[in-house]
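>>> sequence and predicted structure below; questions after.
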Amino acid sequence: MNELYKNDPLVNQRKLTVGQGIGKQLRCNEKKSFLKIEIKNRKDMNRKIIAYFLIFASLILLIFNISELNFDNLKENRYTSIISNLLLILAMIFTIRDINKKKNV
């Protein structure tokens, strides 16, 4: 058996004859590439879920921070929390767009 597949649990562990070896190795390589794509898709989906969660949480915090503003005296307000929430939302939107572009390529 080829040394590359010796410890691989996904590959059939039967000993290959010379005639079977080429076909089995090709099928094993197809399985491996398919599994790599599946794992990559799962990671991308996890990143998307986290990005959507962060957008949702940032929107809640943004609403809270805007409600805490003192509109009578605007010079006393701190705007850094609002700006940071907007930047986080923007970064997550770009992250989601990047994931979608990688998926379509």
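Good, I have the coordinates. Numbering: from 1, shown residues only.
>>> going forward, measure contacts and count neighbours with C-alpha atoms only.
Noted.
>>> look at Thr80 and say how many residues are nearby.
10 (other CA atoms under 10 Å).
>>> quick one: it from Leu69, how far?
For Thr80, the distance to Leu69 equals 12 Å [CA to CA, to the nearest Å].
>>> also Ile63?
In terms of CA to CA, Ile63 sits 10 Å off from Leu69.
>>> ok, now Asn77?
Per CA to CA, Asn77 is found 6 Å from Leu69.
>>> quick check: which ranges of this structure have low pLDDT?
Within the chain, the stretches with pLDDT under 70 are 1-38.
>>> and the helices in it?
Along the chain, counting by DSSP state H, helices occupy 18-67, 80-104.
>>> got TSV for those, with distance to Asn73 too?
What follows is the helices of the chain, written out as TSV (distance: least, CA to CA, whole Å):
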stretch	distance to Asn73
helix 18-67	14
helix 80-104	16
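>>> identify the residues contacting stretch 77-86?
Contact partners of stretch 77-86, identified using CA atoms under 8 Å, 6 or more residues apart in numbering, comprise 58-59, 61-62, 65-66, 69-70.
>>> show the buried residues in these.
Among the contacts of stretch 77-86, those classed as buried by 16 or more other CA atoms under 10 Å are 58-59, 62, 65.
>>> so which of those comes closest to Lys43?
Ser58 (22.3 Å; CA to CA).
>>> skipping its backbone neighbours, what lies nearest the closest one in space?
Residue nearest to Ser58 in three dimensions, not counting chain neighbours: Asn85, with 5.5 Å by CA to CA, 6 or more residues apart in numbering.
>>> near Asn100, how many other residues are there?
13.
>>> let's number from 273 now, not from 1
Shifting the count to begin at 273 puts that one at Asn372.
>>> what is the neighbour count of Ser339?
Ser339 has 10 neighbours, counted by other CA under 10 Å.
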